[in-house]
Structure formats: C-alpha cells, structure tokens
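Visitor: Kindly return the folded structure for what I paste below:
(one chain, ligands or ions: 1)
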Amino acid sequence: MTVTITAFERSPDRGRGLSRDTRVRWALEEVGQPYEVRLVSFEALKEPAHLALHPFGQIPTYEEGDLALFETGSIVLHIAERHAGLLPKEANARARAITWMFAAVNTVEPPILDLAIARIQEGDKPWRAERMPLVEQRLRERLGQLSPRLGEAEWLDGAFSAGDLMMISVLLRLKPSGIHEEFPNISAYLARGEARPAYQRAFAAQRAVFEASQSAGS
Ligand code: GTB
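Guide: So this is what the prediction gives:
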C-alpha cells in the first residue's frame, strides 16, 4: 500500500533536517518502506483539505490507504508496529522501547522546544534576557539526567529501537545551540544515530526538497 507523508514545501530549517518529517522519513527508511511526499505550503497547512488530515494544521501527516495519522510519536509507533526492526519482539523490552519514545516527546522535547521558542520566536521580547538562563538551566537539568542513564551504551536499551530514533530526532534539534556538546556521551549518541544509513537517506531526501526550492527560486 502506498504511504504518503507531508512535509514543508519550504522548510524554515533550510534543509538541516530539523523539521519533524525527518523522523518519519527515518523510520520509513529503517524498515525499508517506500513512501511518497506531498509538499505543503504554510498557507495550505491551515486550509480545510490539510486540516481534515491534521487538526492542528501542521506537518507531518501519514496516509496509508484509509488510515490518516498525525503526531510523529504515533506515526513512528505505527510504522514500528507494522514492520520488523524498530521494536524488540520480547514484550517487556518492547514496552521499554515505547517508554523511551514517550520520554522523547513528553519529557525531553518540551525543554528543547522552550529553548527554540525563547531564541527564535521570543528573541526580540523584553523578557528574553531574564528568561533564557532559566530555559537553559531546565534543559541542562534534563540532559544531565539523560546522560548518566545512557552512560557509555550504544543505544538506550539494548539494540537500536524506535525509542532511540525518537530520542535522537528530538535531541538533534539542539545542534544549532551546541548545548548537547556539554554532554559528550549524548553528542556521541547523536553521531551514531546520524551515521545510520537510514538516517542518511532520510536526511538527503529532506535536503533535496530544500535544494530544489532554492533552484526554483533562483
Ligand atoms: N507534536 C507534533 C508532532 O510531533 O508531529 C508537532 C508537529 C509540528 O510542530 N510541526 C511543525 C509545523 O507544522 C513543523 S516541525 N509547524 C507549522 C505550524 O504549526 O503552523 C517544527 C519545526 C519548525 C521549524 C524548525 N526549524 O526551523 O529548525 C524545526 C522544527
């Protein structure tokens, strides 16, 4: 069955792989599921056709036959459950891998998003100077908890899983800030994720969208 996802026609991250379609592309690449991409403009995100797929008017969405999904956690879990390779077969290990997926989006991503919002969307607000140290401190606390748990392990819990895919995807958003470099084992973990051939293919695919938009605009 054809799988179609949506992605930004012109991603604000300029092809750096930080938009959330990258994690869905990565999951599809890991399991070897071919997919198509429908590029959506910012205006189209808020139009009825897209809102019927995504009530919050965002990317990515995932369509497969009659099934339409939104929310990357749910989409990656769906892919991982339908294909071998991203979730362990043993029930407890599988539950732990899913726990790491939730930890990525519910516990680690929020302080990372706060940092992005404070830096970009609220960069010109009068409270920025006062707020930024608090935002950075909360983020460092969270990374300071994740780092010893990861330790020198290759992945979070045994073999690479959808838990690592989500956690690495979330943490990669830190790259522009450089804060991850304060935690060498987290930096090495990100590098291992980025080195995976499936990640490389996903990154190249989203990068190609940016490059095509540059050529079209020039
Ligand atoms: N919780 C949802 C999920 O995980 O699927 C969040 C989806 C989401 O925030 N999508 C963003 C979106 O569609 C794109 S990824 N925003 C449009 C809108 O809300 O109107 C967020 C993103 C944007 C820009 C960068 N960047 O420039 O680096 C990185 C990530």
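Visitor: any idea what sits nearest residue 180, other than its immediate chain neighbours?
Guide: Among residues not flanking residue 180 along the chain, residue 174 sits closest, at 4.3 Å (CB to CB, 6 or more residues apart in numbering). Backbone N, C-alpha and C define where each C-beta goes, glycine included.
Visitor: Let me know the secondary structure of the one you found.
Guide: Three-state assignment for residue 174 (DSSP: H, G, I helix; E, B strand; the rest coil): coil.
Visitor: what sits against it?
Guide: Residue 174 makes contact with 112, 115, 180, according to CB atoms under 8 Å, 6 or more residues apart in numbering.
Visitor: Distance check, it against residue 116.
Guide: Using CB to CB, to the nearest Å, residue 174 is found at 9 Å from residue 116.
Visitor: Same check on residue 179?
Guide: Going from residue 179 to residue 116 by CB to CB gives 11 Å.
Visitor: Do a quick rundown of the helices in this structure.
Guide: Assigned by DSSP state H, the helices in the chain fall at 21-31, 42-45, 48-51, 72-82, 91-102, 109-116, 128-150, 162-172, 184-195, 197-217.
Visitor: If you count neighbours, what's buried in the longest one?
Guide: The one in question is helix 128-150. Residues 135, 136, 139, 142, 143, 146, 147, 150 are the ones in helix 128-150 that count as buried (16 or more other CB atoms under 10 Å).
Visitor: now those residues in a markdown table, with pLDDT?
Guide: What follows is these, written out as a markdown table (pLDDT from 0 to 100):
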| residue | pLDDT |
| --- | --- |
| 135 | 95 |
| 136 | 95 |
| 139 | 97 |
| 142 | 98 |
| 143 | 98 |
| 146 | 98 |
| 147 | 98 |
| 150 | 98 |
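Visitor: Who wins on neighbours among the contacts of residue 174?
Guide: Neighbour counts for these, by other CB atoms under 10 Å, peak at residue 112, which reaches 22 neighbours.
Visitor: Burial check on the nearest residue to that residue once chain neighbours are set aside, number of neighbours?
Guide: Nearest non-adjacent residue to residue 112, counting by CB to CB, 6+ apart: residue 173, 5.2 Å away. Residue 173 is flanked by 21 other residues according to other CB under 10 Å.
Visitor: The ligand versus residue 173, what's the distance?
Guide: Residue 173 sits 7 Å away from the ligand, taking CB to the nearest ligand atom, to the nearest Å as the criterion.
Visitor: Tell me who's in contact with that residue.
Guide: 18, 109, 112, 113, 116 are the contacts of residue 173 under CB under 8 Å, 6+ apart.
Visitor: Let me see the contact set for the fourth one.
Guide: Meaning residue 113. Residues in contact with residue 113, defined by CB under 8 Å, 6+ apart, are residue 173.
Visitor: With pLDDT and distance to residue 158 added, can I get the contacts of residue 173 in CSV?
Guide: Putting those into CSV (pLDDT from 0 to 100; distance: CB to CB, whole Å) gives the following:
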residue, pLDDT, distance to residue 158
18, 95, 28
109, 98, 23
112, 97, 25
113, 96, 28
116, 92, 31
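Visitor: can you narrow the residues you listed to ones near the ligand?
Guide: residue 18 (CB under 6 Å from any ligand atom).
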